[in-house]
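Enquirer: next comes the sequence, and after it the predicted model I'd like to discuss.
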Amino acid sequence: MARLKTAVLISGRGSNLQALLDACAEPAFPAEIALVVSNVAGAYGLTRAERAGVPTLVIDHKGFDGRAAFDQAVDQAIRAAGCEAVCLAGFMRLLTPDFVAGWHGRMLNVHPSLLPAFKGLHTHERALEAGVRLHGCSVHFVTADLDAGPIVAQAAVPVLRGDTPDDLGARVLVQEHRIYPLALRLLAEGRLRLSGGVVEIDDATRAPESALVNPAP
Ligand code: GAR
């Protein structure tokens, strides 16, 4: 079985990268991580990749004259490594439309909210301020608009009384680690089809129809 060669782009601790590395450690998983790129030297995710025996590269955006030049360097590196797909995993840089277009339908991002709610930063603080009862995370295809691409998978968690942003973020993160490998699997199996701005999933395992209700009835 040919496995989908995937690049993971990170900026920090790399816990989602770890979830992807763990999934890819299964011989039957249909993707492999061929390269991890960080724009931040010393990001802990680089250590995680090295431990898993995955090649790493630091491409520091500060060394480039503008976004386009940085993105071109990243693009060249991941293509040179033979990558056919890209996962953004806590990669805290905006990508240029040219880069995004070059990976159309082949680049995923994980975002810590139930999109389209709470795009951008500080999602857990904003969810608490808004008083939502359910919060969560999304994996979506990357498009030129920030956090706006077609959604592949989502998980919801309850917001509990007394939650701090860190409490809520930790609850969400557990679910990020579940849905990101799931989404990469579906992509690698060729089961995701973009249709009019939404994702159709071939032979998706149906979620139970029961709802997560908070507070419990
Ligand atoms: C994750 O919560 C991810 O959803 C978020 O950054 C964190 C990275 O954690 N990404 C974004 O906010 C992108 N808009 P990790 O480095 O431990 O995977």
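Expert: Yep, it's here. Keep in mind the model is a prediction, meaning the values are calculated, not measured.
Enquirer: what's the burial count for Ala7?
Expert: Residues near Ala7, counting by other Cβ atoms under 10 Å, number 26. C-beta coordinates here come from the backbone N, C-alpha and C atoms, glycine included.
Enquirer: part of a helix, is it?
Expert: No. Ala7: not assigned to a helix; according to DSSP: H, G, I helix; E, B strand; the rest coil it is strand.
Enquirer: which residues in the protein form strands?
Expert: Using DSSP state E, the strands of the chain run over 4-10, 31-38, 56-58, 85-88, 107-111, 134-141, 151-158, 192-195, 198-201.
Enquirer: including distance to the ligand and mean pLDDT, could those strands go into a markdown table?
Expert: A markdown table is the format used below for these (distance: least, Cβ to the nearest ligand atom, whole Å; pLDDT from 0 to 100):
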| stretch | distance to the ligand | mean pLDDT |
| --- | --- | --- |
| strand 4-10 | 6 | 98 |
| strand 31-38 | 10 | 98 |
| strand 56-58 | 14 | 98 |
| strand 85-88 | 7 | 98 |
| strand 107-111 | 5 | 98 |
| strand 134-141 | 6 | 98 |
| strand 151-158 | 12 | 98 |
| strand 192-195 | 19 | 96 |
| strand 198-201 | 18 | 98 |
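Enquirer: nearest to Ala101, out of those?
Expert: strand 107-111 (10.1 Å; Cβ to Cβ).
Enquirer: ok so, going back, out of the strands of the chain, flag the one nearest Gly45.
Expert: Comparison of those against Gly45 by Cβ to Cβ identifies strand 4-10 as nearest, at 4.1 Å.
Enquirer: re the thing from before, right, so of the strands of the chain, which gets closest to Lys119?
Expert: strand 107-111 (7.6 Å).
Enquirer: for the closest one, buried residues please.
Expert: Neighbour-count burial for strand 107-111 flags 107-111 (criterion: 16 or more other Cβ atoms under 10 Å).
Enquirer: and the contacts of that strand?
Expert: 16, 85-91, 100, 119, 123, 137-142, 147, 149, 152, 176, 179-180, 183-184, 187 (Cβ atoms under 8 Å, 6 or more residues apart in numbering).
Enquirer: CA atoms only: put that strand into CSV for me.
Expert: Extracted in CSV, the C-alpha atoms of strand 107-111 (Å, rounded to 0.1, in the frame of the first residue of the first chain):
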residue,chain,number,x,y,z
MET,A,107,-3.8,20.8,2.9
LEU,A,108,-5.6,20.4,6.2
ASN,A,109,-5.6,22.6,9.4
VAL,A,110,-6.8,21.9,12.9
HIS,A,111,-8.5,24.8,14.6
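Enquirer: okay then, goodbye and thanks.
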